[in-house]
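K.L.:
Test case, fold it:
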Amino acid sequence: MRSAPVAETIFSRIIRREVPARIVHEDDLCLAFHDVAPQAPVHVLVIPKRAIESLATAAEDDAPLLGHLVVVATRVARDLGLADGYRLVVNCGRHGGQSVDHLHVHLLGGRPLGWPPG
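P.N.:
Residues are numbered from 1 along each chain as shown. Sure, this is the predicted structure:
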């Protein structure tokens, strides 16, 4: 079963090119672009073009798309020269730090990243 449709978000507007973004990757399934409020020297968001609210609302048949987002994030990391390492983060829900109700993968790198993260 597919995840339920979500409300309009800033990411929907970026996908439709109504809001400018520094895009680093695009294909039929997703879009990757630099975050406007970076938390690391490299901070890219990888989003599905088909809106899914969060991991909590993703359906079982969303698995191929979720895997694609991770594969794209790793390809973008390589293309941006993050050979020393990077972090992929998916925030889920208000307490998880999710600020936009459209699933997105954060690609962070370009400096040592501490642990725990928050």
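K.L.:
quick one: the residue lying closest to A32 once chain neighbours are set aside and E18, what's the gap?
P.N.:
In this structure, A32 finds its nearest non-sequential neighbour in H25, 3.9 Å apart by Cβ to Cβ, 6 or more residues apart in numbering. Backbone N, C-alpha and C define where each C-beta goes, glycine included. H25 sits 19 Å away from E18, taking Cβ to Cβ, to the nearest Å as the criterion.
K.L.:
Neighbour count: the two, which is higher?
P.N.:
Using other Cβ atoms under 10 Å, the more surrounded residue of H25 and E18 is H25, with 15 against 9.
K.L.:
what separates the more buried one from E53, distance-wise?
P.N.:
Counting by Cβ to Cβ - H25 and E53 are separated by 22 Å.
K.L.:
Okay, strands next: where are they in the protein?
P.N.:
23-26, 30-34, 42-48, 86-89, 105-109 (DSSP state E).
K.L.:
F11: which of the ones you listed is closest?
P.N.:
strand 42-48 (5.2 Å; Cβ to Cβ).
K.L.:
partner strands of the closest one, parallel or antiparallel?
P.N.:
Here strand 42-48 has these sheet partners by DSSP bridges: strand 30-34 (antiparallel), strand 105-109 (antiparallel).
K.L.:
want to throw these into a markdown table with mean neighbour count and mean pLDDT?
P.N.:
Converted to a markdown table, the strands paired with strand 42-48 look like this (neighbours: other Cβ atoms under 10 Å; pLDDT from 0 to 100):
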| stretch | mean neighbour count | mean pLDDT |
| --- | --- | --- |
| strand 30-34 | 20 | 98 |
| strand 105-109 | 22 | 98 |
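K.L.:
For those strands, give me a markdown table that also has distance to F11.
P.N.:
Formatted as a markdown table, the strands paired with strand 42-48 follow (distance: least, Cβ to Cβ, whole Å):
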| stretch | distance to F11 |
| --- | --- |
| strand 30-34 | 8 |
| strand 105-109 | 12 |
